[in-house]
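Undergrad: pasting the sequence and the predicted coordinates here, then a few questions.
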Amino acid sequence: MTAPGTGSTRQPPRRGAAYWICFAVVLLSASVSVWYSVTAVIAGGLEDADALYAASRSVAIVVVALIVPLFPADAALLAIAVVMVIVQGIDTFVGAVQGNTLVMVGAAVLCIVNIVTASFLARTDRVRGAA
């Protein structure tokens, strides 16, 4: 905080461990999605439109996740965390339907970890406006 009348701009508050842990989990989760979708594009070639659409969305999520720390509000990270919970939740369902235990369990674990870390971030005093 600056002294009154100094003309300095106010610095954003420092981000705590809850923020950076949530950020790391979101980035990991989004990166796993990109890896799977790019692998599908490589396996199916440019003729596999579904894989191309999945890759485009996965890359977009990673790009947004990477720029989130540039914004002063933690709500941006929470929004991306919610997106990843939805994506990983659907991936869990798809893995179960296809009988792919590895995909199902991996996506379920990432989904749960995203929920836990986002919950811790949402409960911090700074996000709730108490700081």
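TA: In hand now; what should we look at?
Undergrad: from now on I want contacts and neighbour counts done on CA atoms only, so please keep to that.
TA: Fine.
Undergrad: tell me how far residue 35 lies from residue 110.
TA: With the distance defined as C-alpha to C-alpha, to the nearest Å, residue 35 ends up 14 Å from residue 110.
Undergrad: sorry, wrong one. I was asking about residue 78.
TA: Counting by C-alpha to C-alpha, the separation of residue 78 from residue 110 is 15 Å.
Undergrad: low pLDDT regions in the protein?
TA: 1-13, 125-131 (pLDDT under 70).
Undergrad: which one of residue 35 and residue 110 has more residues nearby?
TA: Looking at residue 35 and residue 110 with other C-alpha atoms under 10 Å, you find the greater number of neighbours at residue 110, namely 23 against 15.
Undergrad: so the more buried one touches residue 27, yeah?
TA: No - when contacts are counted by C-alpha atoms under 8 Å, residue 110 is not listed as touching residue 27 (10.8 Å).
Undergrad: burial measure for residue 14, as a count.
TA: Quick note: residue 14 (other C-alpha under 10 Å) scores 9 neighbours.
Undergrad: with residue 47 instead?
TA: Other residues within reach of residue 47 by the criterion other C-alpha under 10 Å amount to 9.
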